[in-house]
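Chemist: Take this sequence and fold it.
(chains A and B)
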Amino acid sequence: MAVNWFKYSSPPAFYPLAGRLIPWFAAAAAVLALIGIYVGLVVAPTDYQQGDSYRIIFIHVPAAWMSMFIYLVMAVYAGIGLIFNTRLSGYMARALAPTGAMFTFIALWTGALWGRPTWGAWWVWDARLTSELILLFLYLGYISLYAAIDDPRRAARASGLLALIGAVNVPIIYFSVKWWNTLHQGASISLTKAPTMAATMLTGMMIMAVAAWCYTIAVALMRVRCEILEREVHSEWAAEQLAREAR
Amino acid sequence: MAEFFAMGGYAFYVWGSFGVTVLALVVEVLLLRRRRRTLLRRASRMSRKVSMGVGA
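Modeler: Coordinates of the predicted model:
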C-alpha cells in the first residue's frame, strides 16, 4: 500500500496522526524506562573502580545523546522551514527545543553528580563540559529569540537561523574528547570499535536510550499539537477541531 | 533492601541523579497538559460566546 507521506506535512492531516501516535510512544517509553532502570540499578554489577556511582551513566549518557540528537533534528526542521517555508517544520522545531534543553540540563546535572565522587569536582571548564553548557544556552537562546519577536513569521526565520548556526556546536561536543585534552573520558561506545564496557551495562544503557527516544517523540508530538492549534486557531479547521475537543 | 538504597555509599549522587531526572520529566508532562487544557478552556469559552451571539 502506498502511503502519501506528503499528506502528513500539512498541519490538519498531521494533527490527528500525532494524536494517535502519542499513547504508543508514551507507553513504550514507560515500559522501556522501567526495564532499563531495573537492568541499570539491579542487574548490572557494581563497577570495580567506581563502585555504584557509575550507575548514574544509565541516565547521563542517554540524556547527553538526546541533547545532541534533538538539536540536530531541530536544526534540520528549522532548515527545512527556512528553505521551503513549510509551516509544520517550524512547529516541529519549536516542539523539540524545550525537551532538548531539558535533556541538556539533565546531562549536566547528572554529570556534576557523577564528577564529584569520581573526579572530586562538580564542574571543570574542559572542552566537553563547556561545549555542552553552550548547547544549553543555544536551546534557551532559540526559545527566547522566538518568544521575543512579535511577528510569528519573522520570529520563526530569526530563531531558525540561530538553530542552524548553533548546529556547528554539536560536532564540537561530540569530538571534544578527541580534539582536546579533556578531563571527561572518551567514548566507551563508538561506531568503529567494540564497546569497552560490560554487556549488561551496555544493554541497560541502550534500553534507556531507546526509552529516551520514545519519551522525546511522545512529548514533542504533544507539544506540536498545542503549537499547531495555537498558531492556526484562526483557520477554520483548527477552530472546528478546538470546538470539538473542548466539548 | 537498605543496602540497595545505600548504593555503596553513593546514595546522594545516584538518587540525586535519578530523582531530579524523574522530576524534570514529570514537570514537563504536567506543563504540557496544562498548556493543552488552557487552550481547550479558552476555545470552549469562545464557542459559547459565539453560540450566544455575543460576537466571535
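Chemist: For A:Leu133, see how far away A:Ile173 is.
Modeler: Shown here: A:Ile173 relative to A:Leu133, a distance of 10 Å by Cβ to Cβ, to the nearest Å. No exception for glycine: its C-beta is placed from N, CA and C like everyone else's.
Chemist: Show me which residues of chain B are close to chain A?
Modeler: B:4, B:7-10, B:12-14, B:16-18, B:20-21, B:24-25, B:28-29, B:32, B:35-36, B:39-41, B:43-44, B:47 (Cβ under 8 Å from any Cβ of the partner chain).
Chemist: The spatially most central residue of chain B and B:Arg37, how far apart?
Modeler: Residue closest to the average C-alpha location in chain B (Cα atoms, centre = their mean): B:Leu30, at 1.4 Å. Separation of B:Leu30 from B:Arg37 (Cβ to Cβ): 10 Å.
Chemist: okay, A:Ile57: pLDDT?
Modeler: At A:Ile57, the model reports a pLDDT of 94.
Chemist: Select the helix or strand of the chain having the lowest average pLDDT value.
Modeler: Defaulting to chain A. helix A:236-246 (a mean of 86; mean pLDDT, DSSP states H and E).
Chemist: my bad, chain B
Modeler: In chain B, no helix or strand scores lower on mean pLDDT, DSSP H and E than helix B:2-6, which sits at a mean of 87.
Chemist: Can you mark which positions in it are buried?
Modeler: By 16 or more other Cβ atoms under 10 Å in any protein chain shown, helix B:2-6 has no buried positions at all.
Chemist: Please state the offset of that helix from the chain centre?
Modeler: Counting by Cα atoms, centre = their mean, to the nearest Å, helix B:2-6 is centred 29 Å from the centre of its parent chain.
Chemist: I would like the residues contacting that helix, please.
Modeler: A:Leu41, A:Val42, B:Ala11, B:Trp15 (Cβ atoms under 8 Å, 6 or more residues apart in numbering or on different chains).
Chemist: Swap in 10 Å and give it another go.
Modeler: Under the contact criterion Cβ atoms under 10 Å, 6 or more residues apart in numbering or on different chains, helix B:2-6 has outside partners A:Leu41, A:Val42, A:Asp52, B:Ala11, B:Val14, B:Trp15.
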